[in-house]
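A.B. asks: need coordinates for the following:
(chains A and B, ligands or ions: 2)
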Amino acid sequence: MTQAAEIGAFGIAKSFGRFLALDDVTLTIGRGEFLTLLGPSGSGKTTFLMVLAGFEAPSAGRLTLDGRDMTRMPPEARGFGMVFQGYALFPHMTAEENIAFPLRVQGRPAAEVRRRVAEMIELVGLEGHGHKRPSGLSGGQQQRVALARALAYEPPVLLLDEPFSALDRNLRGQMQEEVRRLHREIGTTFVFVTHDQSEALALSSRVAIFEKGRLQQVAPPREAYERPANRFVAEFLGDINILPVEGANGAARIEGRPVRLPGGGTGPFAIRPEYMGLSLREPEGGNAVGARLTDLTYQGAETRLTLATRGGAALVLRLPTATLPEGLEPGAAVWATWDEHRGFRLDQAGPSAREHDHLQQGKGRTA
Amino acid sequence: MPPIARHALLLGPLLGLLALAYLIPFLGVMRWSVTLPEPGLGQYRTALTDPLVLSVLWRTLRICVIVTLISVVAAYLLALVWVRGGPWTQRLVELCILIPFWISVLTRAFGWLALLSNRGLVNSWLIALGVLDEPLTLVRNEFGVILGMVHLLIPFAVFPLATAIRAVDERVLLAARGMGASRARIFWQVFLPMTRPGILGAALLVFVFALGFFITPAILGGGRSVMAAELVYLRIFQSPDWGLGAAVSVILMAGVGLLLAATLRIVRGGAGR
Ligand SMILES: Nc1ncnc2c1ncn2[C@@H]1O[C@H](COP(=O)(O)OP(=O)(O)OP(=O)(O)O)[C@@H](O)[C@H]1O
Ligand SMILES: [Mg+2]
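C.D. replies: Ligands and ions are numbered 1, 2, ... in the order given. The predicted model follows:
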C-alpha cells in the first residue's frame, strides 16, 4: 500500500515562447482526492499534468508535495504514476512486459511481479492478449495496458490524461467503476483529465475547469454544475438556459411576468434544463415564461425539447418521456415553469476559483 | 492502366540497367567459377580448402565484424548527438558527416598514410617529443585497415541510426522516467531496444560495404592483410586464375545474400505480433 500525497500548486505559469499555456494556476489537491481537470481542447490540461509530474518545469510559481517544496524535484523522485494522452507504451515490449516494467524498477521479486501482472491483465480484461506488443493491440486495448501499467505499482499520485478516450461505452463504465474502487480502496490521489463532463461529474470529488490556461473554478461537481463561477463554466458543464431579468430584487420580471428568483444580483437568470417543467396552460402562480415549442427530440427515457420564448430567447428542456402530454407537436404554445429555489443569477459571483475557499473542502475529503 | 503496370513502367529502365550492369556480369562470373580451367566444382573445393584462401576469407570476416562493431557504436554516439544535441552541435555534426563524402577514398587512404606511416606526422612528433624511441607500426597492418575502413563507413551508419533515434517517442522515455527508472536503465532497456531496427540496418549496411572494400585495405594493409576483394583482384589480374577468383566472388555474394535474408527475418520477427 502506498501513502497518498497532498499536492499544492501556487501561481503556476507555463509559457512556450510567447504563448502562455498556463496562467497563475493555484490549487491544492488533497490527500486521496479525486480531482478532474476539465476544459476545451488546448486549455492547458495536459500542460498542467506535465508540470505536476515534473516533465515540464513551470515558468513561474511553486509546487509542494506534502508541504515540502518540489518545484525542482525531478520526475523520478516524485514517483507519480502517469497515463499519457497517446499511451506512451514501450513498443518493443509485450503488454505483460509493459506492466511489469515499473514493478521491476522497484526491484520487486519475480514471483510477485508475475502475480501482479496477471492480476492487472485480468483487471483490465486483456486475458489472452498479454503476449502481444502494442502494435498488435487495438487502440482501446493499448489504453488499457497503459492504465494497468500505471495502476500496477500503486504510486501515491496517479495522473491520468484522458485514460478512457478510446474505450467503448461498456468498457468505459467498467473502467470508471474500477478507478473508483481503486480510489476507495487504495486511497491514491487522482488527477484525471477528461473531455466527458458526465464522467467528470460522476467520478470526481472536485472538478477544476480550465480555459485558455486560466483556472475558472475548482469546486465539487454539484456545486460547479449548479453554482458555476461564471458564464464560461455554466455553459461548459452542460446545456443552460439564460433569460434576461428586468427590475430590481424583489420586483424582478422575466418577459414582463413577475418572478421570484433565488439570491440577489442584477445579471441574467440561468437555469439547467432538467430543472424546468412544461405546462400547456399559463400557471396561476409561480415562475413561468411563455414560449412556442420549436423542436422535440426523442432520446429514449428522456425527450429533449427546444422552445422559443415570446421575447426571443431559446430554451432547452429535458423531460422524462413518460410525463410528456399526448400529441405535443412543434408549433404548440406552451409555458416553461420552474421552482423559485432553482437556478442562479449569472453575475452573482459563484465560489471563487481561488485556493483558500476550497482548501477546507479538499481536506474534508481526506480519507 | 493498373497500378502494378504503371509501377513496372516507371521502374523498368532502372531494372533494365541493373540487369545489364550487375545480373548479366554476375551470371558470367558464376559460369567462370564452374568452367575455368575445366568444368566442375574444383575451384570451390580449392577455395574452401586452400589455407591461403581460407585465411583471407577468415581475415575478411574478422575485419568486417570488428569494423562493423566499431563503426556502429561510434555512429550511434554521433547520431545521438546529431538528433538530440543543441542547434550548434547539430550543425557541427552535420558538417562532420557530410565533409568526408566530398573527399575521395584514395585521398583519404593516402591521408592516413601521411599521418600514420613510420615517418608520418604522428610518429615523428611522438619521437620528437621523446614519447617513443622507435616508430609505432600504425599502417600496413590490420590496425591501419580497420582504422581506414571505420573512417569511411561511419557516415553510412549514421543515417539509419539517426532515423531510428528520431522516431523514438519522447513521451515513452518520460513515462519510464516517471516510473522511477534510472538513466542507465532507460537507455539499455527502453531507448536502445526501440532503436534496434536502425542498429540492425546500420550494421548490415556497414558489413556488406566492408566485405567489398578493396582500395582502402590494399593501401593501408600494404599487401600484408589481404581481404577477399583484393584476393579476387589478384587472382584475376595478376596470377591469371579466373576460376578461383570467380569462385571467391560467388562465395562472397552468397554470404551477403544469406546475411540479408537473416536480417530480414530478424527485423520482420521483431516487428510482428
Ligand atoms: N511543447 C509545446 N510547445 C509549444 N506549445 C505547446 C507545447 N505544449 C503545449 N503547447 C500549447 O499549449 C496549449 C495547451 O496545450 P495542452 O496540451 O495543455 O492542452 P489540453 O488542454 O491538454 O488540450 P487537449 O484537450 O486537446 O488535450 C496549446 O495551445 C498547445 O498548443
Ligand atoms: Mg491534453
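A.B. asks: any idea of the pLDDT on the residue of the stretch 51-200 of chain A found nearest ligand 1?
C.D. replies: Ranking the residues of the stretch 51-200 of chain A by distance to ligand 1 (Cβ to the nearest ligand atom) places residue A:85 first, at 5.6 Å. Placement of C-beta: from N, CA and C, glycine included. Per-residue pLDDT puts residue A:85 at 87.
A.B. asks: that one: what's it in contact with?
C.D. replies: With contact taken as Cβ atoms under 8 Å, 6 or more residues apart in numbering or on different chains, residue A:85 is in contact with A:46, A:161, A:162, A:165, A:193.
A.B. asks: among these, which lie within helices?
C.D. replies: Under the assignment DSSP state H, the contacts of residue A:85 contribute residue A:46 to helices.
A.B. asks: my read is that residue B:74 contacts residue B:151, right?
C.D. replies: No - counting by Cβ atoms under 8 Å, residue B:74 stays clear of residue B:151, with 9.7 Å between them.
A.B. asks: neighbour count winner among those two?
C.D. replies: residue B:151 (19 against 16; other Cβ atoms under 10 Å in any protein chain shown).
A.B. asks: quickly find the element holding the residue lying closest to that one once chain neighbours are set aside.
C.D. replies: Once flanking residues are discounted, residue B:151 sits nearest to residue B:108: 6.6 Å by Cβ to Cβ, 6 or more residues apart in numbering or on different chains. Following DSSP states H and E, one finds residue B:108 within helix B:105-116.
A.B. asks: and for residue B:71?
C.D. replies: Using DSSP H and E, the element containing residue B:71 is helix B:51-84.
A.B. asks: just the buried positions in that helix, please.
C.D. replies: B:53, B:56-57, B:59-60, B:63-64, B:66-68, B:70-72, B:74-76, B:78-83 (16 or more other Cβ atoms under 10 Å in any protein chain shown).
A.B. asks: can you give me the offset of stretch B:18-25 from its chain's centre?
C.D. replies: Centre-to-centre, stretch B:18-25 and its host chain are 22 Å apart (Cα atoms, centre = their mean, to the nearest Å).
A.B. asks: rounded mean pLDDT for it, please.
C.D. replies: Averaging pLDDT along stretch B:18-25 gives 88.
A.B. asks: in chain A, which residue sits nearest ligand 2?
C.D. replies: residue A:46 (3.1 Å; Cβ to the ion).
A.B. asks: pull the most distant pair out of the contacts of residue A:85.
C.D. replies: A:46 and A:165 (12.3 Å; Cβ to Cβ).
A.B. asks: who's more crowded, those two?
C.D. replies: Between residue A:46 and residue A:165, counted using other Cβ under 10 Å, residue A:46 has the larger neighbour count: 20 against 16.
A.B. asks: quick one: the strands in the stretch 151-273 of chain B?
C.D. replies: For the stretch 151-273 of chain B, no strands are identified by DSSP state E, counting those that start in this stretch.
A.B. asks: so how far is residue A:321 from the spatially most central residue of chain B?
C.D. replies: Centre of chain B computed as the mean C-alpha position; nearest residue by Cα atoms, centre = their mean is residue B:206, 2.7 Å away. To residue A:321, residue B:206 is 72 Å away according to Cβ to Cβ, to the nearest Å.
A.B. asks: hmm, residue A:336 and residue A:292 touching each other?
C.D. replies: No - checked against Cβ under 8 Å, the pair residue A:292 and residue A:336 is beyond contact range at 10.7 Å.
A.B. asks: about what we covered before: which residues touch the helix or strand immediately after the helix holding residue B:108 in the chain?
C.D. replies: Where DSSP H and E defines the elements, the next helix or strand beyond helix B:105-116 is helix B:121-128. Applying Cβ under 8 Å, 6+ apart, the contact partners of helix B:121-128 are B:114, B:115, B:116, B:117, B:132, B:133, B:135, B:136, B:138.
A.B. asks: from the residues you listed, which is closest to residue A:72?
C.D. replies: Taking Cβ to Cβ as the measure, residue B:115 is the one of the contacts of helix B:121-128 closest to residue A:72, at 48.3 Å.
A.B. asks: if you skip the residues just before and after it, what's nearest to the closest one?
C.D. replies: Using Cβ to Cβ, 6+ apart, the nearest residue to residue B:115 is residue B:121, at 5.2 Å.
A.B. asks: so residue A:205 sits against residue A:220, correct?
C.D. replies: Yes - counting by Cβ under 8 Å, residue A:205 sits close enough to residue A:220 to count as a contact (6.6 Å).
A.B. asks: counting neighbours, what do you get for residue 232?
C.D. replies: Unless you meant another one, I'm taking chain A. Other residues close to residue A:232 by other Cβ under 10 Å number 17.
A.B. asks: actually chain B
C.D. replies: When neighbours are counted by other Cβ under 10 Å, residue B:232 registers 22.
A.B. asks: give me the nearest residue to it, chain neighbours excluded.
C.D. replies: residue B:245 (4.6 Å).
A.B. asks: how near is residue B:244 to residue B:255?
C.D. replies: Residue B:244 is 17 Å from residue B:255, by Cβ to Cβ.
A.B. asks: more crowded one of these two?
C.D. replies: Between residue B:244 and residue B:255, counted using other Cβ under 10 Å, residue B:244 has the larger neighbour count: 24 against 18.
A.B. asks: the more buried one against residue B:228, yeah?
C.D. replies: No - the pair residue B:244 / residue B:228 is not scored as a contact, 11.9 Å apart, by Cβ under 8 Å.
A.B. asks: how about the contacts made by the closest residue to the residue of the stretch 51-200 of chain A closest to ligand 1 other than its chain neighbours?
C.D. replies: The shortest distance from residue A:85 to any non-neighbouring residue, by Cβ to Cβ, 6+ apart, is to residue A:161 (4.2 Å). Neighbouring residues of residue A:161 by Cβ under 8 Å, 6+ apart: A:45, A:46, A:49, A:82, A:83, A:84, A:85, A:193.
A.B. asks: bridged to residue A:161, which residues?
C.D. replies: Beta-bridge partners recorded for residue A:161 (DSSP bridges): residue A:193.
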